[in-house]
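Chemist: could you look at this predicted model? Sequence included:
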Amino acid sequence: MRILLGVWKSSEKRRSRSPVRPALEGLEGRMLLSVTAGDRVVRVHPAAAGSAATSGGPIVDTGQVPFQVQITPANIPNAPALQSAVEAQWRGKWLFLGGRTNGLHGFGPGQDFPPEYQNKAIIVIDPRSGRVWSRPWSDSKLSQAAIDALTSTNQESLQQGKKLFVVGGYGVNSATNLSTTFDTLTAINLPGLMRTVIHGGNIAAQVRQTQDPRLQVTGGQMAALGRRDYLVMGQSFLGDYSTATPPPYIQKYTDTIASFRIVDNRRRLGITNYTATTDAINFHRRDFMMSPVILPNRQPAIEAYGGVFTPDNSAYRQPITIHRNGRITVSPYQQYFSQYTSPQIPIYDARTRAMNTIFLGGISLYNYFPATGKIQEDPEIPFINTITDLVQSPSGVDQEYVMPVQLPGLMGAGAQYMPAARMPHFANGVIKLKAIRRPTTIGYMYGGILAQQANFGNSTATGAVLRVTLVPKPVQG
């Protein structure tokens, strides 16, 4: 069951009448709003057996999930340490830009996003050969303003065939030497840019850029659905992170799911037919996850998971679904694991009409302890190594399963998931489980933040590449 939101839709012509009222907030997004209705907190409980499936609480998988997941290292030793980057792929090779080369940012009185740790290179990786190529943006003839935007972190991106569109991001404006959220839209000729990194050539010829204040977003997500392109939630952060009082920055969550059409031709780069759906309670999120899904009615959709920060400085738990017709609904389910940006793998089981979304580690409101079988809430929102599967049944009921395998470290936050080439999938990228009959590499997890301990430890960016293998279980009967 999904709950339809009663929200205000403002067209491009009536944007000035939109009731969006982003608040000035503290460092971690405290806001004086009522807690989302129906939010339920379970402090500590044992991992439930299969009989608890109707309760909505998480279950440790003992055979209910129709596949197993295996995690093994991939042999790409020269992959650079990188987190929160833009990713794309073309003909089996991967491209990365932006992001950062250090670990979790600090919360002190100084510069918590040091410019020297911005990734200022374009990176191409061939997972088949293990080769890595890199070329700095400074080799291009692009303006410094264009380079500033492209080397920022937490940009939003959307790949449409050979084109990669990149929006926003948080980084340093070289002209002012101040941190900002960029309002740029960049169109990249993906195979052309990858070719210049590998073989040389004119980088600037592969890049076009424009500006639009409606795209001044970082920590959001982008996707295409039907004939619309979506820019989902996120924030605008102007200035440096700091604990100073009053804060030397302006933080505004967009509270918005925007849809439009990207126009990119020889005469114009921009967006048209802009529509914004606003909800200051449910859409007040950033640094969440978003993945394509197949709904119980077998229609494609987009689903957003997690995000931060709630009015009590915690993480959001109710998934949000964007339907093909533009309708937006909020699930009553309260997700336990992986509330902060981490990789997801969407898998649809046509035999049971169940939608499976696998989450690989990250940062989570709950943690699982295999030694005791306990699932425990941690208000500090720790790093985890837990892998979970969120399953939506044909009746629309959500159920979370803790998979028996774990990541080899406290990792996944800010990592990228790269689907394997030639995987059987629907048009929106959801894997077809029915077409996988033997152990199959379905993709790779690359980079992200590697934490020393769950809370209050040191962390670094990692260049680790992990192979994800799906092992289907025999079909009964």
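Modeler: Yes, it's here. Numbers count the residues shown, from 1 in each chain.
Chemist: pLDDT weak spots in the protein?
Modeler: In the predicted model of the chain, residues 1-56, 107-111, 476-477 satisfy pLDDT under 70.
Chemist: show me the contacts for the residue nearest the centre of the chain.
Modeler: Geometric centre of the chain, nearest residue: residue 289, 3.7 Å, by C-alpha atoms, centre = their mean. Applying C-beta atoms under 8 Å, 6 or more residues apart in numbering to residue 289 gives the contacts 221, 304-306, 338, 341-342, 344, 359. (Glycine included, C-beta is placed from N, CA and C.)
Chemist: got JSON lines for those residues, with distance to residue 353 too?
Modeler: Formatted as JSON lines, the contacts of residue 289 follow (distance: C-beta to C-beta, whole Å):
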{"residue": "221", "distance to residue 353": "26"}
{"residue": "304", "distance to residue 353": "22"}
{"residue": "305", "distance to residue 353": "21"}
{"residue": "306", "distance to residue 353": "25"}
{"residue": "338", "distance to residue 353": "24"}
{"residue": "341", "distance to residue 353": "29"}
{"residue": "342", "distance to residue 353": "26"}
{"residue": "344", "distance to residue 353": "20"}
{"residue": "359", "distance to residue 353": "21"}
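Chemist: secondary structure, distance to residue 203 and neighbour count for those - can I get that in CSV?
Modeler: Formatted as CSV, these follow (DSSP: H, G, I helix; E, B strand; the rest coil; distance: C-beta to C-beta, whole Å; neighbours: other C-beta atoms under 10 Å):
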residue, secondary structure, distance to residue 203, neighbour count
221, strand, 26, 25
304, strand, 33, 27
305, strand, 35, 26
306, coil, 35, 26
338, coil, 36, 32
341, coil, 28, 29
342, coil, 30, 30
344, strand, 31, 20
359, strand, 35, 27
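Chemist: and which of those is nearest residue 321?
Modeler: Nearest to residue 321 among these is residue 304, at 7.9 Å by C-beta to C-beta.
Chemist: list the strands paired with the host helix or strand of residue 375, with their directions.
Modeler: Assessed by DSSP states H and E, residue 375 sits inside strand 374-377. Within its sheet, and counting by DSSP bridges, strand 374-377 is paired with strand 44-46 (antiparallel), strand 366-369 (antiparallel).
Chemist: can you tell me which helix in this structure is longest?
Modeler: In the chain, taking DSSP state H as the definition, the longest helix is helix 190-199.
Chemist: convert the C-alpha atoms of that helix to PDB, please.
Modeler: Provided in PDB are the C-alpha atoms of helix 190-199 (Å, rounded to 0.1, in the frame of the first residue of the first chain):
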ATOM      1  CA  LEU A 190      30.400  10.400 -23.100                       C
ATOM      2  CA  PRO A 191      32.300   8.200 -25.700                       C
ATOM      3  CA  GLY A 192      34.100  11.400 -26.800                       C
ATOM      4  CA  LEU A 193      35.300  12.300 -23.300                       C
ATOM      5  CA  MET A 194      36.400   8.800 -22.600                       C
ATOM      6  CA  ARG A 195      38.300   8.700 -25.800                       C
ATOM      7  CA  THR A 196      40.200  11.900 -25.000                       C
ATOM      8  CA  VAL A 197      41.200  10.400 -21.600                       C
ATOM      9  CA  ILE A 198      42.500   7.200 -23.100                       C
ATOM     10  CA  HIS A 199      44.000   8.500 -26.400                       C
END
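Chemist: helices or strands next to it in the packing?
Modeler: If you count contacts as 3 or more C-beta pairs under 8 Å, 6 or more residues apart in numbering; DSSP states H and E, helix 190-199 packs onto strand 86-90, strand 93-97, strand 121-126, strand 131-136, strand 163-167.
Chemist: switch to 7 Å and redo it
Modeler: strand 86-90, strand 93-97, strand 121-126, strand 131-136 (3 or more C-beta pairs under 7 Å, 6 or more residues apart in numbering; DSSP states H and E).
Chemist: just checking, residue 153 touches residue 83?
Modeler: No. Taking contacts as C-beta atoms under 7 Å, residue 153 lies outside contact range of residue 83: 8.2 Å.
Chemist: partner residues bridging the residue nearest to residue 338 when sequence neighbours are not counted?
Modeler: Distances taken as C-beta to C-beta, 6 or more residues apart in numbering put residue 359 closest to residue 338, at 3.8 Å, once the chain neighbours are dropped. Beta bridges link residue 359 to residue 344, residue 388, judged by DSSP bridges.
Chemist: how close does residue 359 sit to residue 335?
Modeler: For residue 359, the distance to residue 335 equals 9 Å [C-beta to C-beta, to the nearest Å].
Chemist: hey, what's in contact with both of the two?
Modeler: Residues touching both residue 359 and residue 335 by C-beta atoms under 7 Å, 6 or more residues apart in numbering: residue 390.
Chemist: so what touches stretch 141-157?
Modeler: Contacts of stretch 141-157 (C-beta under 7 Å, 6+ apart): 84, 86, 97-100, 118-120, 137, 164-175, 182, 184, 186, 203-204, 207, 209, 217-222, 231, 234.
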